[in-house]
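Engineer: give me coordinates for this.
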Amino acid sequence: MHTGMNEWSTRLAALPDFAPPAQGWQAVLAARRRREAQASARWPLALAAATLAAAVGLGAWLQSAQRELAAAAGPVMALPVSEAIRAENERLEWLLATLPEPRAMRGSTAFTLAEIEDRLAFVDDRLSRVMLEPNAPERSERLWRERVGLMNSLVQVRYADTATTH
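Structural biologist: From the prediction side, this is the model:
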């Protein structure tokens with residue numbers, strides 16, 4: 001084994017002198033920085049691609065779940081809500097939209113309006129879900145009547161507040 005080392009030493013000594021390139025170490029460091037910058041630039045792209053893939057997968061899953069739910073619910077029938085109730089609801093929506101926006105109001109009035117609006121949001125949520133219930137037509141009719149009553153209260157409170165502040 002000792003002779004092998006001498007042989008290698010002789011071969012290495014026979015090589016011509018090597019002059020390192022100018023700016024050699026700086027070039028090595030610059031190349032390393034470029035590789036690191038490229039690698040760090042790939043992370044946001046990879047993250048965006050993974051997020052997009054997850055969003056597409058979630059969307060596909062939600063669509064299939066929605067189709068399964070619709071198939072399980074059977075054919076959706078139009079709910080028999082009387083035209084008079086819907087017409088009154090539209091009239092109250094229009095009245096509410098035409099009232100001027102309040103600039104300032106008493107705390108008790110603001111509280112009352114918030115309570116009515118919260119109840120309206122609850123009723124609207126129930127109306128959006130009522131088709132999946134077995135007694136949908138009856139529930140729908142009751143919810144629409146409750147909505148019209150709440151809209152009437154909302155218009156009256158807003159009108160009274162407008163009349164007292166103007």
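Engineer: CA atoms for contacts and neighbours, from now on please.
Structural biologist: Noted.
Engineer: which residues of the chain fall in helices?
Structural biologist: 2-14, 24-73, 83-98, 107-129, 136-165 (DSSP state H).
Engineer: pick the most buried one from those.
Structural biologist: helix 136-165 (a mean of 17; mean count of other C-alpha atoms under 10 Å).
Engineer: orientation of it relative to helix 83-98 in degrees?
Structural biologist: Going by axes from the mean of the first three to the mean of the last three C-alpha atoms, to 10 degrees, helix 136-165 is angled at 30 degrees with respect to helix 83-98.
Engineer: quick one: mean pLDDT over stretch 34-48.
Structural biologist: What stretch 34-48 shows for mean pLDDT is 76.
Engineer: tell me how far that stretch is from the chain's mean position?
Structural biologist: Chain-centre distance of stretch 34-48: 27 Å, with C-alpha atoms, centre = their mean, to the nearest Å.
Engineer: not counting that stretch itself, show me its contacts.
Structural biologist: Taking contacts as C-alpha atoms under 8 Å, 6 or more residues apart in numbering, no residue outside stretch 34-48 touches it.
Engineer: CA atoms of it as PDB?
Structural biologist: Below are the C-alpha coordinates for stretch 34-48, written out as PDB (Å, rounded to 0.1, in the frame of the first residue of the first chain):
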ATOM      1  CA  ARG A  34     -27.700  32.400  -7.900                       C
ATOM      2  CA  ARG A  35     -28.600  28.800  -7.200                       C
ATOM      3  CA  GLU A  36     -30.100  29.800  -3.800                       C
ATOM      4  CA  ALA A  37     -32.000  32.700  -5.300                       C
ATOM      5  CA  GLN A  38     -33.500  30.300  -7.900                       C
ATOM      6  CA  ALA A  39     -34.400  27.800  -5.300                       C
ATOM      7  CA  SER A  40     -36.100  30.400  -3.100                       C
ATOM      8  CA  ALA A  41     -37.900  31.800  -6.100                       C
ATOM      9  CA  ARG A  42     -39.400  28.300  -6.700                       C
ATOM     10  CA  TRP A  43     -41.000  28.000  -3.200                       C
ATOM     11  CA  PRO A  44     -43.800  30.600  -3.800                       C
ATOM     12  CA  LEU A  45     -44.500  29.100  -7.200                       C
ATOM     13  CA  ALA A  46     -44.700  25.600  -5.700                       C
ATOM     14  CA  LEU A  47     -46.900  26.800  -2.900                       C
ATOM     15  CA  ALA A  48     -49.200  28.600  -5.300                       C
END
